[in-house]
Structures are given as structure tokens and as C-alpha cells.
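Novice: let me see the structure of the following:
(2 chains)
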Amino acid sequence: MAKADILGDSLWDAYSDKVTTLMNNPQHQGELFQGEVEKRGNKLIVADFGAESCGDAVRLYWEIDPATDTIVNSKFKSFGCGTAIASSDVMTELCIGKTVQEAVKITNIDVELALRDTPDVPAVPPQKMHCSVMAYDVIKKAAGLYMGVDAESFEEEIIVCECARVSLNTLKEVIKLNDLHTIEEITDYTKAGGFCKSCIKPGGHEAREWYLVDILADTRKEMDEEKMKAAADAQAAGGGNFEEMTLVQQIKAVDAIIDENVRQFLIMDGGDMEIIDIKKNDGYIDIYIRYLGACNGCASSATGTLYAIESTLKEKLSSNIRVLPI
Amino acid sequence: MQVYLDNNATTMCDPQVVEAMQPFFSELYGNPNSLHKFGTASHPALSKAIDQAYTALNAADADDIVFTSCATESNNWVLQSVFTDHIVNGDKNHIVTTEVEHPSVLSTCKFLEEQGVKVTYLPVNDQGVVEPHTVKSFITEKTALVSIMWASNETGMINPIDEIGIICKEKGVLFHSDAVQAVGKIPVDLQATHVDFVSFSAHKFHGPKGIGGLYIKDSQDLSPLLHGGEHMGGRRSGTLNVPYIVGMGLAMELATKNIQATMSSIRAKRDRLEDALLELSDTFTVGDRANRTPNTILISIKGVEGEGMLWDLNNGQIGASTGSACASEDLEANTVMLAIGADNELAHTGIRLSLSRFTTDAEIDYTIAHFKDAVARLRNISSSFAKQQPTKGGEAQACEMH
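Specialist: Okay, the predicted model is just below:
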């Protein structure tokens, strides 16, 4: 906890204006009826997901032009809190004009993004993220009904949390997108692990193939590897932020600069140098070096040569570098 | 108009109480433990507040009423000190409580479980009430304490504290009751009812926040929770919060004198509101009115999710409360509601309205109108009231709460 957390957030104040507006006045709330849709030569699909006893229920209506498979109109009915109503509304909006095949690609994350006022500020606080979780399921169900296939057949994904129907890919994506570190955060964002808790770790009342603890650990590892790879790639490409590199990468980068710009001159004078260590120190990056051969004890090693090494590294890598001979 | 119907959460501080507190901030500010006249100047007011508290609870002179910072402190004090006195330094290892206690009891019990204490969480019946024979059957020779709330904050249902008190006395087990929702709402007579420890809090009966108390029968032993100076006979250290004690004393007096008349006035308004809301189809309220605090309604409205309802009421300037899981950070359905045994639906559609002696008839009329409008709007959006049936195969699977 810190100063900003002492009072805690006011849940409703954290909603985006879009959520508030749509809760107060949903645009696509309502029903489509069989008779009317048929009169227009279109096909009506109505799918339910969730139930009142679960706390969230949504009914999605699609009027589909059978010639093009396009969803020409869509409505919803929802039992749920403000966030559930607003996200159902946006989901419906996202469906209109798409073909059924395109609509199946709409994810819960798309719905949440569409509810944001500004692209980088979440539409709802983390503990309400789960309210948009049903969009994907109800769309798949509607698509399955239209195409005469089982909704499960769209499920190329592995479902980790059966209660909240959260897939492995969604989990990985949410962990990466929001830089999540704990199971509690995952539950806040996705609802996964919020119900029977079997999917959190082994030992719950139901054995699972995938557990959140493992997915979190693996994804964090992947993220670290990606980060390192990105840094290494950047370095290989001659760029990258020196300060964000790992220690090994920094040593390699410094060595490469020394090789290219400095070492030949030292060797010409019968000397050389090696890097001993690199440490972050109060905003500076201190590079400890040791002179070898003739450089060791040379008067210039503490003045001109040192200045040349330091200014080269500063120019090529980071202005915060200090070179310290030991 | 704005209407506050969340008086089980907290109440408006009575302006008379605020006025009574006023002199003790900048005029009579001495430390009552000091010897000089600045210190002793507040003694008459403190004595009066003590009298008011003893009268309000009909406590005997041999009993202690110790002022604390809140009922959470009082509840923690009883549980943690009974643990120290009778479990760590005694031969007991068991506490009996209920599934529906306030978090300050439940969380403390969970904490004590981590220290090795066995805790039994008793269920409530479909009225939301603990049955005395259930309490009796779970008391063992190892039981150190029974802790059961006097009345429920969520349902207003009143537990049979008299009968449980008799059982505990017979069995020789200490009995604590969190009476936060009882004191000032219904008569609490601690000479008629046998309870060893009773917690209460001023802000629930039109006193200020940040002051509460613990009643200790016969001044019996209970190790202090807060160690320090020898305030209140060494029972609870910390400089006496003079203005707040004075305020709580008066608030207790105002809330308990003529309590029968106040209760019937609040009950009449509550019943009128409840009857009007029950005119809506597919609604029900929890618990027999006769055994409920006279200010409380917990109503379930089919097809209307609790937080959504609160939202609309708030737009209509009405403050209420919901036990809906959706409105809390915990995704699990509300335990109190589930414990009542109603299906999960109630846990998601419950709205609590709690009145006070300041609630007016005009406010009730206003609330009835806005409440009905909100239900109409939300049911119009609700899937529960949709007419077009799903495409064959598009029906929802029943919700499986694992």
C-alpha cells in the first residue's frame, strides 16, 4: 500500500465515461423477433449465455442476411451490473456489419478496449474486468447456431478456467498486456480462478490439465526471454537502450565499442584493458576497468586515455556512463 | 430530494450530538488523566457519558463498559484476548461463531485458526437466524468462547441472544455478541440477558465515527488489546477521546430513551416501504418482519442485478446497499445470502434498504416512486424478462457454481 491506496478507489468513479453513458442509455438494448426478421428475408439467431444465478446473463440477437452471412442488425438483453450492460452494448455494436465468420474473432479484450475513453486507460477497474468476459462465449454460441456447428468447434483454444471460460491464450495475452505478477491480478482481470479455484494450483477439488500458477510462471519466463531477446536484437542491430540491457549484454556492448574504437590504440602502445564489472549507481552506470601491460601505470591512463574511453562509451551507449579504473 | 437509506452502514451524526461534543475540542481540552483543573474539567461530562452508556444498555454497576475506537477493535479485543487468556494460557482450543458474522469477527477467527485454534462456523436457518440447539450441540469442553452477532447488518434478523446466553451460562462458556446492529435499534438489556462481552459502535446510532465500546460483564478478566498508560483502569490504553465519548453517551441516550416509540415510528415507515415494493411482481423480502430490526429491508428483485439497481437508485439520489457479489471485490456470491439458503439468485439481486429515525414519510414516497422506475428500466433491459426465446440449442446451460 502507499498514499494513493490508503482510501482505495471508488469503484464507479473508475469507470470510463463510455461505460457510464452506455449503462444509463444502452444503444442496442432490445429484442429482434422471428416474424419481423423473416419478413425481411433474413435469419434470426438468439443465443443465451450465463444465468441469473451466476450473477451475469446475456441474450444476443443477430439478424443475418443469409446471402452474405452478414449481421445486419443485433440487439441484446442483459442481467448484470452496469459494466455487464455496457459491455453487452459494445459487443452488439461490434457485431453489426460483420460477417458471422468475422464476428467470431471478437474477443473479450476487444470489447474492453472499445469501452475505453482513451486507448491506454482501462475502461473499468481490474476487479470489474470480468464483466466483459461473456461476449466471446455468447458470440461463439450464436455463430455455432447459425453455421450449424457446435460452438466448441470455434474453440481452437484450451480452456483453463471452466467456470469463467477463460482460455490459455486469453490468459497469456492478459498477463503480457497488463504486466500481471500475481494470481489475484489474473482473477481481477479475467475472472479465472474466481469461482471453484480448481484451476489456480494442483490440489483443488478437481484436477486440471493447466494451472494458473504454472501459466503465470511460464508466461513471466517468456516475457523475460522476450525482453532479453528484444534487447539482444536491438544490440545486434546496433541500437537498443543500454540501460535496460542485462549485465551480460552490457558487458558485450561495452567490449564491442572498446574493440572497435579504443583497443587498437592501446595495443599499439603495448597495453590493453579489460572490463571488471558494471554497476548501476545513483543514476550513473559505473564501468570498472583494469589496464593491462604498458597502460598499467601510464600517466595518460588516468587522464587523456581515460577521458577518451569514457567519452566514446558515453557517445555510443549512454550519457550516464562513468569509467572507473581500478 | 436525496434519500439516505444505508443506515446499517453508518448514520448521520445527530446535530444535538455534534453540539454536545463541541466544547471538548478547543475549550475543555485537558487530558482527563491530568491532575490540574484543565484535566478535571471534562470529568463531569465523562461521568455523564458513562451514566448514559450504562443506562442505555441497562448494565449493572459491577459491569464494565470500556470505550474503544470502534466495534472492530472491540471484536478483535474479545477474540484475541480470549485466545491469549484461555487458549494460549489455558486448556481450551475452540471457538464457536457463525458463518454470517461481520468481517471483524470472521477475519479474526481465520487469523486465530492459523494460530491453531479450532473454529466452528455455525449455519443460519432460512430466516437468517442461528438456532439455539445448534449452538448447544457444538459447544464442547474445549470451547473457550461463543461469538454470535445480536442482529445481522445484512438482513436485520435478530438472533435468540437470550436463549444462547442461557446455554452458554449453563455450559460455563464465555459468550460474546457483536451488537453493532442492535444497540439503538432494539432494546438491549444486559441485566435481563446473559452476555459476557458486548461490542457496539456509536456511528450506527447517530453518534460520531471512531468511537465504540465493549461491555464486560462483572468486570471479569480480559487481557488488554492495547497496552500503555493506565487509562480506563488499565483495560484499554490511549488518552480518552473526550469529545467522542461525550458524543457517544448522548447518542446512546437519544437512541434508547423512548425506544419503543421510535421503533414503532421507524417500523411503520419501513413496513409501508416494504409493502409498496412487494407490490412489484417477482420480488420477495428476507426474514419475518417481527424478528427483524425495525429499520431493515433486504429485498430480492427478479431480473435486476444488485449493483445495477444501486446504480439507478444512486442516479435518483437514493443511497442503498447490495450484497451482490458483483459489487464487491470478492467474486463469490454473498455468504450471508447463501447461508440463508435461498438460491444463488438472491445473492445477486438483493438490495438492502435501512432507515433511521430521521427518515421521513416524504422520503419513503420518493423512494417508492424511484425504486419502481429503476426496476422498470432494468427489467426492460434484463434478459430474464425477454420475450423472444432463444434459437433451438441456444439456451443457456444452468449455472454450475462449482
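Novice: switch to C-alpha atoms for all contacts and neighbour counts from now on
Specialist: OK.
Novice: where do the strands sit along the stretch 151-300 of chain A?
Specialist: Remark: strands assigned in the stretch 151-300 of chain A by DSSP state E, counting those that start in this stretch are A:159-161, A:166-167, A:271-281, A:284-293.
Novice: most tightly surrounded among these?
Specialist: Mean neighbour count (mean count of other C-alpha atoms under 10 Å in any protein chain shown) peaks for strand A:159-161 among the strands of the stretch 151-300 of chain A, with a mean of 23.
Novice: residue A:136 touches residue A:109, doesn't it?
Specialist: No: counting by C-alpha atoms under 8 Å, residue A:109 is not a contact partner of residue A:136; they are 9.1 Å apart.
Novice: okay, these two: which has more neighbours?
Specialist: residue A:136 (21 against 18; other C-alpha atoms under 10 Å in any protein chain shown).
Novice: mind checking the SS state of that one?
Specialist: Following DSSP: H, G, I helix; E, B strand; the rest coil, residue A:136 is assigned to helix.
Novice: that one: what's it in contact with?
Specialist: When contacts are counted by C-alpha atoms under 8 Å, 6 or more residues apart in numbering or on different chains, residue A:136 is found next to A:104, A:106-108.
Novice: going by distance to chain B, which of the residues you listed wins?
Specialist: Top of the list for closeness to chain B, among the contacts of residue A:136 and by C-alpha to the nearest C-alpha, is residue A:104 at 15.7 Å.
Novice: picking up where we left off before, okay, and which of the contacts of residue A:136 map to strands?
Specialist: Per DSSP state E, strands hold no members of these.
Novice: name the member of those residues with the most neighbours.
Specialist: Among the contacts of residue A:136, the one with the most neighbours (other C-alpha under 10 Å) is residue A:108, at 23 neighbours.
Novice: what's the pLDDT at that one?
Specialist: If you check residue A:108, the pLDDT there is 77.
Novice: same check on the one 4 residues further on?
Specialist: Looking at residue A:112, its pLDDT reads 86.
Novice: helices along chain B, start to end?
Specialist: Ranges of helices in chain B, per DSSP state H, are B:15-21, B:23-26, B:37-40, B:43-57, B:71-82, B:103-114, B:132-138, B:161-171, B:242-256, B:259-278, B:306-315, B:335-340, B:344-349, B:361-381.
Novice: what's in contact with the first one?
Specialist: Contacts to helix B:15-21, defined as C-alpha under 8 Å, 6+ apart, come from residues B:206-207, B:243-244, B:246-248, B:250-251.
Novice: mind checking how far stretch B:117-136 is from the chain centre?
Specialist: Computed by C-alpha atoms, centre = their mean, to the nearest Å, the chain-centroid distance of stretch B:117-136 equals 17 Å.
Novice: where does the stretch 201-350 of chain B have low pLDDT?
Specialist: The stretch 201-350 of chain B contains residues with pLDDT under 70 at B:323-335, B:341-344.
Novice: against residue A:322, how distant is the nearest residue to residue A:300 once chain neighbours are set aside?
Specialist: Once flanking residues are discounted, residue A:300 sits nearest to residue A:306: 7.4 Å by C-alpha to C-alpha, 6 or more residues apart in numbering or on different chains. Distance, residue A:306 to residue A:322, by C-alpha to C-alpha, to the nearest Å: 10 Å.
Novice: in terms of neighbours, single out the busier of the two.
Specialist: residue A:322 (22 against 17).
Novice: helix, strand, or coil at the more buried one?
Specialist: strand.
Novice: what residues does the stretch 51-200 of chain A put near chain B?
Specialist: Within the stretch 51-200 of chain A, the positions adjacent to chain B are A:51-55, A:57-59, A:76-82, A:127, A:141-142, A:145, A:163, A:191, A:194-196 by C-alpha under 8 Å from any C-alpha of the partner chain.
Novice: hang on, the earlier thing: out of the helices of chain B, which one sits most buried?
Specialist: It is helix B:344-349: most buried of the helices of chain B by mean count of other C-alpha under 10 Å, with a mean of 28.
Novice: burial measure for the closest residue to residue A:137 other than its chain neighbours, as a count.
Specialist: Distances taken as C-alpha to C-alpha, 6+ apart place residue A:49 nearest to residue A:137, at 7.1 Å, with adjacent residues excluded. Counted with other C-alpha under 10 Å, residues neighbouring residue A:49 total 24.
Novice: got a list of what residue A:49 touches?
Specialist: So residue A:49 contacts A:57-59, A:134, A:137-138, B:395-397 (C-alpha under 8 Å, 6+ apart).
Novice: same thing but 7 Å
Specialist: Residues in contact with residue A:49 (C-alpha atoms under 7 Å, 6 or more residues apart in numbering or on different chains) are A:57-59, A:138, B:396.
Novice: got it, and residue B:312?
Specialist: residue B:374.
Novice: who touches the nearest residue to residue B:87 once chain neighbours are set aside in this structure?
Specialist: Sequence neighbours aside, residue B:93 is the residue nearest to residue B:87 in space, at 5.3 Å (criterion: C-alpha to C-alpha, 6+ apart). Residue B:93 sits next to B:87, B:117-118, B:142-144 when contact means C-alpha under 7 Å, 6+ apart.
Novice: state the pLDDT value of residue B:93.
Specialist: Looking at residue B:93, its pLDDT stands at 97.
Novice: rewinding a little: would you tell me which of the strands of the stretch 151-300 of chain A gets closest to residue B:30?
Specialist: Relative to residue B:30, the nearest member of these by C-alpha to C-alpha is strand A:271-281, separated by 52.2 Å.
Novice: mind listing what that closest one pairs with, with the direction of each?
Specialist: Applying DSSP bridges, strand A:271-281 is found paired with strand A:284-293 (antiparallel).
Novice: related to what we said a few turns ago, want to throw the strands of the stretch 151-300 of chain A into TSV with mean pLDDT and distance to residue B:266?
Specialist: Below are these laid out as TSV (pLDDT from 0 to 100; distance: least, C-alpha to C-alpha, whole Å):
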stretch	mean pLDDT	distance to residue B:266
strand A:159-161	84	48
strand A:166-167	84	48
strand A:271-281	87	68
strand A:284-293	88	69
